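Colleague: All I have is the shape, not the residue letters:
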Ligand code: PXL
């Protein structure tokens with residue numbers, strides 16, 4: 001027997017923000033802890049992320065990406081997953097499409113986290129052209145992980161404060177019609193339950209709808225979407241089923257938020273990842289997912 005690779009390998013296409021625990025500074029430690037090799041392709045370098053900081057320095061690396069990719073190609077590199085998140089421009093969305101065409105395939109899990117905004121607002125660098133470009137990019141993905149705000153943007157829906165269960169299913173199915181076979185929406189408000197927030201998902205193959213609820217925590221830390229999607233990717237690459245991977249991702253984010261809550265540091269510093277990373281090594285001993293009927 002030949003071992004193809006000692007550990008799964010992911011091409012991670014995100015920005016590198018020096019301060020604030022978002023994107024690559026969250027994704028790399030999480031996936032490494034889950035035993036996954038991360039090959040970062042930084043789309044931009046920022047002094048800090050854009051949530052809660054102003055005057056950040058933003059260096060767009062778009063012009064460098066084709067040369068990086070052609071070097072990877074000349075090496076004959078192969079990946080088990082391609083995972084993109086925050087992108088600096090509409091042109092970068094096109095570059096990720098090329099990456100998917102060059103390095104994707106039957107055996108490669110393509111995950112697009114269409115990072116564009118949160119809480120009903122678009123992030124500072126996300127103009128309307130990004131929404132259009134992201135809509136085209138999600139068509140190339142196997143799995144997408146928009147939050148509620150991003151789901152509304154992708155569908156051209158108004159942001160609202162809650163959705164009835166039938167509408168939740170409708171949104172999941174319509175996002176699936178854009179292309180991906182698995183759709184996950186995070187930070188979904190639960191109708192009539194202000195104390196809860198849900199992650200919901202639909203898999204086209206077996207037409208099942210999944211839901212994981214967690215207690216709504218009155219705090220918002222940048223980067224929690226990156227933490228969620230990274231645990232999901234790492235867990236799926238370890239061989240977990242989708243509902244277990246969703247459960248692990250929800251658990252991790254909620255543990256990270258709770259661990260951060262009691263500190264006086266401003267939310268813009270992100271969650272205290274370093275204090276909770278080890279929880280990712282625990283075996284799965286329970287779960288709280290349900291099937292939506
Ligand atoms: O985690 C989302 C994210 C990623 N990258 C940058 C960001 C944000 C959210 O604010 O600003 C640069």
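Modeller: Thanks, I have the structure now. All values reported here derive from a predicted model rather than from experimental measurement.
Colleague: interface residues of the chain facing the ligand?
Modeller: Contact residues, the chain versus the ligand (C-beta under 6 Å from any ligand atom): 15, 17, 22-23, 46, 49-51, 86, 115, 123, 222-223, 225-226. Heads up, the C-betas are built off the backbone N, CA and C, glycines and all.
Colleague: now, which of these lie within helices?
Modeller: Mapping the residues of the chain next to the ligand onto helices (DSSP state H) picks out 23, 225, 226.
Colleague: Tell me the one of these nearest residue 173?
Modeller: Each of these was scored against residue 173 by C-beta to C-beta, and residue 225 proved nearest at 22.0 Å.
Colleague: which helices and strands sit right next to the strand or helix carrying residue 230?
Modeller: The secondary structure element spanning residue 230 is helix 224-237 (assigned by DSSP states H and E). Applying 3 or more C-beta pairs under 8 Å, 6 or more residues apart in numbering; DSSP states H and E, we find helix 224-237 packed against strand 9-19, helix 23-33, strand 81-84, strand 109-112, strand 182-190, helix 242-261.
Colleague: which outside residues touch the third one?
Modeller: If I follow you right, that is strand 81-84. With C-beta atoms under 8 Å, 6 or more residues apart in numbering as the test, strand 81-84 has contacts from 8-14, 27, 96, 99-100, 103-104, 108-113, 137, 229-230, 233, 237.
Colleague: For it, what is the distance to the chain centroid?
Modeller: Centroid separation for strand 81-84 versus its chain: 10 Å, with C-alpha atoms, centre = their mean, to the nearest Å.
Colleague: Tell me the strands beside it, with direction?
Modeller: Applying DSSP bridges, strand 81-84 is found paired with strand 9-19 (parallel), strand 109-112 (parallel).
Colleague: and the next element down the chain from that strand?
Modeller: Downstream of strand 81-84, the first helix or strand assigned by DSSP H and E is helix 90-103.
Colleague: tell me which strands and helices that next one is in contact with?
Modeller: Helix 90-103 packs on strand 9-19, helix 65-74, strand 81-84, helix 128-138, going by 3+ C-beta pairs under 8 Å, 6+ apart.
Colleague: quick one: which of the helices and strands packed on helix 224-237 is nearest residue 173?
Modeller: Taking the helices and strands packed on helix 224-237 one by one with C-beta to C-beta, strand 182-190 is closest: 8.1 Å.
Colleague: What angle do helix 224-237 and that closest one make with each other?
Modeller: 140 degrees (axes from the mean of the first three to the mean of the last three C-alpha atoms, to 10 degrees).
Colleague: Which strands and helices lie in contact with the following helix or strand past strand 182-190?
Modeller: Sequence order places strand 193-203 as the next helix or strand after strand 182-190, per DSSP H and E. Applying 3+ C-beta pairs under 8 Å, 6+ apart, we find strand 193-203 packed against helix 165-177, strand 182-190, strand 208-215, helix 242-261.
Colleague: Strand 193-203 pairs with which strands?
Modeller: Here strand 193-203 is paired, per DSSP bridges, with strand 182-190 (antiparallel), strand 208-215 (antiparallel).
Colleague: So which residues lie in contact with stretch 232-248, not counting its own?
Modeller: So stretch 232-248 is in contact with 8, 10, 30-31, 33-36, 80-81, 83, 109, 111, 143, 145, 182, 184, 199, 201, 203, 210, 212, 231, 249, 280, 284, 287-289, going by C-beta under 8 Å, 6+ apart.
Colleague: Averaged pLDDT, it. What do you get?
Modeller: Averaged over stretch 232-248, pLDDT sits at 97.
Colleague: And for stretch 143-161?
Modeller: On average, stretch 143-161 scores 95.
Colleague: which parts of that stretch are buried?
Modeller: 143-155 (16 or more other C-beta atoms under 10 Å).
Colleague: still on that earlier bit, so which of the helices and strands packed on strand 193-203 comes closest to residue 55?
Modeller: Taking the helices and strands packed on strand 193-203 one by one with C-beta to C-beta, helix 242-261 is closest: 24.6 Å.
Colleague: most packed of the helices and strands packed on helix 90-103?
Modeller: Ranked by average neighbour count under the criterion mean count of other C-beta atoms under 10 Å, those are headed by strand 81-84 at a mean of 27.
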